[in-house]
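**Q** The sequence and its predicted three-dimensional model are supplied below.
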Amino acid sequence: MSIRPDNRHLYLQVIDRIKKDIEEGVYKEGEKLPSEFHLSKMLGISRATLREALRVLDEENVVTRRHGVGTFVNSRPMFSSGIEELYSVTNMIERIGMLAGSRYLSAEVVTANDEDKKRFHPLEFDEVSVVERVRTADATPVVYCIDRFPAHLVSIHDIHKSDSFFKVIEEEAHKRISYAVTYIEPIGFHETISPILNCGVDQPLLLLKQLHFTEEDEPILYSSNYFRADKFSFHVLRKRV
């Protein structure tokens, strides 16, 4: 199992070897790697070289290093996409061949607050619908969603017609969501949401706050979606100007 030398730095060769072993199932998701002593001996390298390779793998989110415990293989994201591409959660799940589902936790119509009025300006309304759901992929909880929208757009009784709010709004309000302004926040353990998504205390979440607009620039849906970071990843294409 020792490393075959080539012209690259040794730690880069170690990174490739560990990634290859993970891909081939030598080390499975969630599994603890051998100790640094045993792994360096198996690869025929120094522990200093191994530590540098593990540091990079940790930064790349391939593994997680827990001080005093060991190094563990991270789960691979089910879905990875450029954040500039707007998909509904339902579409994200279905694109990877899994069955999208919803568990409704609450759905109510409440009096619009000042933040709602500001967020959905210039629409005129007095009430907003607030819906909390857990989105599932093949019955596994993967996203916790909190959606707010002016109550007059869609009846609270119609939200169950489809797992996709994009589709419900389009069919019931005759308005098509065209784009969204998105803010991404990495967050740690959430005492309410993390247990619902079956996340451990050391497993992070990705919070996407999105205000969705129609083609006519009407703001009609605000979503706070908490994604399991081990199941979803997002990247951004940046161009030099």
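**A** On my side now, so go ahead.

**Q** For the rest of this, base every contact and every neighbour count on C-alpha atoms.
**A** Noted.

**Q** What strands line up against the worst-scoring helix or strand of the chain on mean pLDDT, and which way round?
**A** Here the helix or strand of the chain ranked lowest by mean pLDDT, DSSP states H and E is strand 79-82, holding a mean of 78. Applying DSSP bridges, strand 79-82 is found paired with strand 232-235 (parallel).

**Q** CA atoms only for the strand it pairs with, dumped as PDB, please.
**A** Once side chains and other backbone atoms are set aside, the C-alpha atoms of strand 232-235 remain, and they are given as PDB (Å, rounded to 0.1, in the frame of the first residue of the first chain):
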ATOM      1  CA  PHE A 232     -25.600  19.500  -0.400                       C
ATOM      2  CA  SER A 233     -22.800  21.800  -1.600                       C
ATOM      3  CA  PHE A 234     -22.900  25.000  -3.600                       C
ATOM      4  CA  HIS A 235     -20.300  26.800  -5.500                       C
END
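
**Q** where's C145, which helix or strand?
**A** Secondary-structure element containing C145, defined by DSSP states H and E: strand 140-150.

**Q** contact partners of that strand?
**A** Residues from elsewhere that reach strand 140-150 (Cα atoms under 8 Å, 6 or more residues apart in numbering): 120, 125-136, 193, 196-198, 220-228, 231.

**Q** Provide a ChimeraX selection command restricted to the buried entries of those residues.
**A** Buried residues within the contacts of strand 140-150, as defined by 16 or more other Cα atoms under 10 Å, are selected in ChimeraX through the command that follows:
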select :120,125,127,128,129,130,131,132,133,134,135,136,193,197,220,221,222,223,224,225,226,227,228
